[in-house]
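J.: how would this look folded up:
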Amino acid sequence: MALDRQRIVTEAVALLDAEGLEGVTTRKLAARLGVQSPTLYWHIPNKAALVTAIAEAILEEQFPELTPPEPGERWQDWLRGLAERLRRALLAHPDGARVISASQLSLKMAAISELAMSSLVRCGLPLRQSRLIVMTVERFTIGFVLEEQAGRPDPEALKGFDMATYTEAFPTVMAAVTDYFQPGLTVDDLFRECLELVIEGPAVR
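T.: Residues are numbered from 1 along each chain as shown. The predicted model follows:
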């Protein structure tokens, strides 16, 4: 099979799924493709370009098309849906949030931001406020998923951890955690409630 950019990116995403971002190296990717590492550079010049290409592929899965709010649709509801799709895109792959964070030149991410900001402006919000809202929503979503994908602490790191002393030192934090994660509530609920505050707050203001 001929080697082209699409095949390289597809295999790179598969490598990400298998080994996480740390495992995505040109050496391993070349081995999966059955070629020498220098051959990859004809299509993707360096690791940064490879990470950006992976980011584009990840985002494309949830954003094959970019559509503005429907007539009469509240921009808050539309933006909430956009953020939820972004989270799904990142969670679909190990280290998805790290990939997006490391990709500084993602055209798809730029297109998402352009659509979101321009849509809010068309809904009557000032440009500066639109930028701040969209930037906050995007960074909150990526940061939220970064924490989700970080995983639980290593058991070795928890050895000797004194939970009783921690609880005594930070009673309000522990009470808040206990109160929120009642039976039936999930991390999805936490994301939606935090997102609600981020999006609806500017509307009230």
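
J.: going forward, measure contacts between C-alpha atoms and count neighbours the same way
T.: Noted.

J.: buried ones in stretch 65-75, by neighbour count?
T.: 69, 75 (16 or more other C-alpha atoms under 10 Å).

J.: lowest average confidence, helix or strand, in this structure?
T.: Least confident helix or strand, the chain: helix 155-158 with a mean of 73, by mean pLDDT, DSSP states H and E.

J.: so how far is it from its chain's centroid?
T.: 27 Å (C-alpha atoms, centre = their mean, to the nearest Å).

J.: now residue 111: which helix or strand?
T.: For residue 111, the element it lies in under DSSP states H and E is helix 107-122.

J.: which of the residues in that helix are classified as buried?
T.: Under 16+ other C-alpha under 10 Å, the buried positions of helix 107-122 are 108-109, 112-113, 115-121.

J.: quick check, nearest of those residues to residue 96?
T.: residue 109 (13.1 Å; C-alpha to C-alpha).

J.: I'd like to know how many residues surround residue 125.
T.: Neighbours of residue 125 under the rule other C-alpha atoms under 10 Å: 16.

J.: mind checking the SS state of it?
T.: Under the three-state scheme (DSSP: H, G, I helix; E, B strand; the rest coil), residue 125 adopts coil.

J.: what's around residue 188, how many residues?
T.: Neighbour tally, residue 188, other C-alpha under 10 Å: 10.

J.: so which residues of the protein form helices?
T.: Secondary structure of the chain by DSSP state H: the helices cover 5-19, 26-33, 37-40, 47-62, 75-91, 96-102, 107-122, 127-150, 155-158, 163-169, 171-180, 187-204.

J.: let me know which of those helices is the nearest to residue 68.
T.: helix 107-122 (6.2 Å).

J.: how far off centre is that closest one?
T.: 16 Å.

J.: re the thing from before, now the helices of the chain in CSV, with distance to residue 68?
T.: Listed next are the helices of the chain as CSV, based on distance: least, C-alpha to C-alpha, whole Å:
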stretch, distance to residue 68
helix 5-19, 28
helix 26-33, 37
helix 37-40, 37
helix 47-62, 15
helix 75-91, 8
helix 96-102, 22
helix 107-122, 6
helix 127-150, 14
helix 155-158, 46
helix 163-169, 46
helix 171-180, 34
helix 187-204, 17
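
J.: mean pLDDT lowest where, among those?
T.: The minimum mean pLDDT among the helices of the chain belongs to helix 155-158 (a mean of 73).

J.: that one packs against which elements?
T.: Using 3 or more C-alpha pairs under 8 Å, 6 or more residues apart in numbering; DSSP states H and E as the contact test, no helix or strand touches helix 155-158.
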